[in-house]
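S.K.: Just to be clear, the model below is a prediction. Sequence and coordinates:
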Amino acid sequence: MALTDPKIRALKSLDKPYKVIDSGGLYILVKPGGAKHWYLRYRFGGKETRIAFGVYPAVTLAAAREKREEVRRMLAENVHPALQRVVEKVAADPSRTLQHIASELHQNILPGHIHCRVII
């Protein structure tokens with residue numbers, strides 16, 4: 001049975017997290033604190049995994065369904081959605097490379113560390 005906004009708003013938190021399924025692998029996870037998180041279950045390379053879309057109501061039902069369709073298009077093109085997110089993050093901020101992070105760690109955090117010369 002497809003979800004609607006009134007049904008989602010009416011979901012109450014319980015002692016344990018529980019899932020309410022929409023369609024096509026999309027579901028909302030209601031946590032004990034009352035937070036409602038969107039996830040999509042999918043298979044890639046024979047393995048089942050999930051990808052998070054955000055928290056309701058910041059991510060609406062329509063937006064979650066749109067993101068689901070975007071992920072399905074990626075899967076149809078044999079593109080791994082989680083890896084695509086990582087690639088987009090790195091492309092958006094080139095300073096997020098391992099070399100940059102390691103040199104920053106070496107310069108700012110480790111100078112007082114006893115084994116600093118050995119680490120890098």
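M.R.: It's in.
S.K.: All the helices of this structure, in order from the start?
M.R.: 5-10, 61-76, 81-92, 98-104, 116-119 (DSSP state H).
S.K.: So what's the gap between the longest one and the chain middle?
M.R.: Okay, so that is helix 61-76. On the basis of Cα atoms, centre = their mean, to the nearest Å, helix 61-76 sits 13 Å off its chain's mean C-alpha point.
S.K.: which residues touch the most centrally placed residue in the chain?
M.R.: Nearest to the geometric centre of the chain sits residue 52, at 3.4 Å (Cα atoms, centre = their mean). Counting by Cβ atoms under 8 Å, 6 or more residues apart in numbering, residue 52 makes contact with 37, 38, 39. C-beta: built from backbone N, CA, C; applies to glycine.
S.K.: Can you say which of the helices of the chain is nearest to residue 18?
M.R.: For those, the distance to residue 18 is smallest for helix 5-10, at 13.2 Å, taking Cβ to Cβ.
S.K.: Give me the residues contacting the closest one.
M.R.: For helix 5-10, the external contacting residues (Cβ under 8 Å, 6+ apart) are 20, 28, 36, 56, 60, 61.
S.K.: Out of the residues you listed, the closest to residue 68 would be?
M.R.: residue 61 (10.5 Å).
S.K.: nearest residue to the closest one other than its sequence neighbours?
M.R.: Nearest-residue entry for residue 61: residue 5, 5.7 Å, with adjacent residues in sequence omitted and distances by Cβ to Cβ, 6 or more residues apart in numbering.
S.K.: same thing with residue 17?
M.R.: Closest residue in space to residue 17, ignoring its immediate chain neighbours: residue 31 at 4.9 Å, by Cβ to Cβ, 6+ apart.
S.K.: residues in contact with the one you found?
M.R.: By Cβ under 8 Å, 6+ apart, residue 31 lies in contact with 13, 17, 37.
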